[in-house]
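**Q** Generate a structure from the sequence data that follows.
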Amino acid sequence: MLNPQMSIRIAVLISGGGTNLQALLDAETAGTLTSGRIVLVVSDREGAYGLERAEKSGCEAVVVRRKGVEQAVFEEELHSVLDRAQIDLVILAGFLCILSPDFVKKYPDRILNVHPALIPSFCGEGYYGLRVHEAALAYGVKVTGATVHLVNEIPDGGKILLQKAVEVREDDTPQSLQQRVMEEAEWILLPRAAEMVAAQLLKEKRSKAHDEPI
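**A** Below you'll find the model as predicted:
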């Protein structure tokens with residue numbers, strides 16, 4: 001078990017049901033996400049079911065309301081919440097807000113996002129949720145999938161960490177394709193990428209602690 005003082009503290013940001021959050025929580029329970037602990041779940045919307053998932057798991061659950069709030073004010077409160085919880089790693093799991101370059105710079109290479117397509121296809125501003133799968137079907141692609149990437153100032157433009165392909169079937173609807181991409185790609189890739197990045201951050205944290213004078 002990790003020393004609580006020497007572990008990566010993870011916050012998961014959500015906007016809805018939290019199925020990707022659940023995949024992360026399950027990975028932590030199963031022992032496949034071991035280099036960090038999910039200590040905080042933040043939703044930009046009240047009533048998101050993902051908040052209930054967080055509470056059931058014993059995680060702190062917080063709402064930072066986005067609707068009707070200026071971007072700068074929203075991000076200032078969000079950063080304050082993350083800072084109070086001493087968050088090392090931020091994971092966007094169905095989080096529908098685009099974060100500003102100024103906010104992203106506060107967490108360089110420490111924000112992960114999962115996108116329901118094979119970037120650079122069907123990505124960027126405006127491509128989220130069912131819209132991604134509608135576009136894939138409209139274009140007629142035979143293969144889609146999911147991507148986990150680092151977040152930078154460009155929407156879906158950060159370094160790709162992991163990708164997994166999913167076959168598109170002739171009878172697919174946006175809903176059926178969305179479900180299969182989640183089951184066969186997103187829920188597998190996101191915990192794996194979280195462990196990859198958390199392990200690297202933990203290594204850096206331990207090295208820094210070792211180098212500090214007693």
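
**Q** OK, contacts around the most centrally placed residue in the chain?
**A** For the chain, the residue nearest the mean C-alpha position is residue 92 (2.6 Å; C-alpha atoms, centre = their mean). Contacts for residue 92 were tallied using C-beta atoms under 8 Å, 6 or more residues apart in numbering; they are 13, 111, 112, 113, 114, 151. (C-beta placed from N, C-alpha, C; glycine too.)

**Q** Surely the fourth one and residue 154 touch.
**A** No: contact criterion C-beta atoms under 8 Å: residue 113 and residue 154 do not qualify, at 11.6 Å.

**Q** Give me the distance between the residue nearest to the centre of the chain and residue 140.
**A** 29 Å (C-beta to C-beta, to the nearest Å).

**Q** Check residue 61 too.
**A** 41 Å.

**Q** So for the two, which sits in the more crowded spot?
**A** Using other C-beta atoms under 10 Å as the criterion, residue 61 and residue 140 rank with residue 61 on top: 19 against 7.

**Q** Hmm, the more buried one is touching residue 49, no?
**A** No: using C-beta under 8 Å, residue 61 is not in contact with residue 49, being 11.1 Å away.

**Q** what comes into contact with the helix or strand containing residue 210?
**A** Per DSSP states H and E, residue 210 falls inside helix 187-211. For helix 187-211, the external contacting residues (C-beta under 8 Å, 6+ apart) are 2, 6-8, 10, 19-20, 23-24, 26-27, 32-36, 88-89, 91, 93, 109-110, 112, 114, 146-148, 150, 161-164.
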